[in-house]
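Asks: pasting the sequence and the predicted model now:
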Amino acid sequence: MKISASIYSDKKRPLKEVIEDLDAHGVELLHVDCNDDLAVFEDIKAIRNWTNIPIDLHIITEHPEKYYDYLRQTPVEYVTFQYEDLKSPLEIPNDISGKKGLAIITPTSIDVFEDYPHFDFLLVMATIPGQSGGVFDQVNFSKIRQFKRKYPSKTVHVDGGVNGEVSFILRNMGVYASVSGSYLFNAPSIGHALMNLTNRNIESHFVVKDFMIPKEECPILSESQLNIESVLTSIDQGALGFSIVVDQDQMFKGIISNADVRKAMIKALPDLNALNPLEMLNRKPLLIYEDQTVEEMLMTIKQSPIPIMYLPVISRDKSAVGVVNFMNLVKGEL
């Protein structure tokens, strides 16, 4: 996940000094907030003389059309317009370069993105816009997951409340970029903050149920209705590499993974008709409780003798409640 440094969050130093510091620490994007102020393009022109770091411009305005000529004259790599401030549908001319994004605040549904299928990404404002140092609203975990499921070819950016713990969760969810302002500049140094934002050893304030994939979105099979067709179909359609198995009361009974199916097929050769789905069931997989913290989850993973790609999530009464999937971490960081 890329870190987009909110350059105006540092109120103590000249802009050039801030940019040079960010450049020296290898920050990947420069987030430029524009609250309906065309003068921001003078800063962008100056930044172009100081660094080659891509610019991530977020514009809040009722009249986006007045920015188009400026964007033509001073192109940026990413440009986002705030949805809630628009008075009419946003129509960015095709000759304006850079990736296009739509920013929404927490109460706004991701459904508004339906009117912008040609846009490249969604920027989720996870705190109150303009409020420095705000706390990440956990409802946005669900919004991010919904958006990625509905628009798999689009990317998600997040702005607001991203500390070390939230950064880990967002990386695990496959978020492309997160904006960091007060957290970045209030740390002892930018390098120290960047280390925390990419660190896996973190202090926990969220628990697993805050960001897991809920049961309603997971591949689940009833133990009483197991057959070869239902197992293969569930694993294939679930796209997680396994299916959860429950009893009639939704109590967790185990999982059946691709590996479990493969091992059972090898054992049943040459008579595959003898396959018994119940023999594929792993009744003692590694689990995590829904009320355990991120720190406890990481400790569970570290103590495992084998690589962990996913963790079934259960309640304290042993009912199945969801899944935590680590595929995005594996693809993006390992």
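Replies: Sure thing, it's come through.

Asks: next one: the residue nearest the centre of the chain from N258, what distance?
Replies: The residue lying closest to the centre of the chain (CA atoms, centre = their mean) is V175, at 3.0 Å. Distance check for V175 against N258: by CB to CB, to the nearest Å, it reads 26 Å. No exception for glycine: its C-beta is placed from N, CA and C like everyone else's.

Asks: equivalent analysis for L275, please.
Replies: The gap separating L275 from N258 is 14 Å, by CB to CB.

Asks: okay, now D36: neighbour count?
Replies: D36: 15 surrounding residues under other CB atoms under 10 Å.

Asks: not counting sequence-adjacent ones, nearest residue to it?
Replies: Once flanking residues are discounted, D36 sits nearest to T61: 4.4 Å by CB to CB, 6 or more residues apart in numbering.

Asks: residues in contact with that neighbour?
Replies: 34, 36, 67, 81-82, 85 (CB atoms under 8 Å, 6 or more residues apart in numbering).

Asks: 7 Å - rerun?
Replies: Residues in contact with T61 (CB atoms under 7 Å, 6 or more residues apart in numbering) are 36, 67, 85.

Asks: packing partners of whichever strand or helix holds I19?
Replies: Using DSSP states H and E, I19 falls within helix 15-24. When contacts are defined as 3 or more CB pairs under 7 Å, 6 or more residues apart in numbering; DSSP states H and E, helix 15-24 packs onto helix 40-50.

Asks: which residue ranges of the stretch 51-200 of the chain form strands?
Replies: 55-60, 78-82, 99-105, 121-125, 155-159, 177-180 (DSSP state E, counting those that start in this stretch).

Asks: and of those strands, who's closest to R262?
Replies: Closest to R262 of the strands of the stretch 51-200 of the chain, according to CB to CB: strand 155-159, at 33.3 Å.

Asks: for the closest one, which outside residues touch it?
Replies: Here strand 155-159 makes contact (CB under 7 Å, 6+ apart) with 101, 120-126, 144, 147-148, 170, 175-179.

Asks: for ChimeraX, write a command that selects the buried ones of those.
Replies: The buried subset of the contacts of strand 155-159, as determined by 16 or more other CB atoms under 10 Å, is captured in ChimeraX by this line:
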select :101,120,121,122,123,124,125,126,144,147,148,170,175,176,177,178,179
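
Asks: any idea how the protein splits into domains?
Replies: Per automatic domain parsing, the domain ranges recorded for the chain read 2-203, 213-333.

Asks: which of the ones you listed sits most buried?
Replies: domain 2-203 (a mean of 18; mean count of other CB atoms under 10 Å).

Asks: the residue nearest to I314 when sequence neighbours are not counted: what secondary structure?
Replies: Spatially, and ignoring its direct neighbours in sequence, I314 is nearest to F252 (4.8 Å; CB to CB, 6+ apart). Per DSSP: H, G, I helix; E, B strand; the rest coil, the secondary structure class of F252 is strand.

Asks: any idea how far stretch 14-25 is from the chain center?
Replies: Distance, stretch centre to chain centre, for stretch 14-25: 27 Å (CA atoms, centre = their mean, to the nearest Å).

Asks: before we move on, the earlier item: F211: which of the strands of the stretch 51-200 of the chain is closest?
Replies: Closest approach to F211 among those is made by strand 155-159 (12.5 Å; CB to CB).

Asks: direction-wise, compare that closest one with strand 55-60 and give the angle.
Replies: 70 degrees (axes from the mean of the first three to the mean of the last three CA atoms, to 10 degrees).

Asks: note down every partner strand of strand 155-159 and its orientation.
Replies: strand 121-125 (parallel), strand 177-180 (parallel) (DSSP bridges).

Asks: and the contacts of the longest one?
Replies: Counting by CB under 7 Å, 6+ apart, strand 121-125 makes contact with 58, 80, 99, 101-106, 110, 113, 140, 143-144, 147, 154-160, 176, all of which sit outside it.
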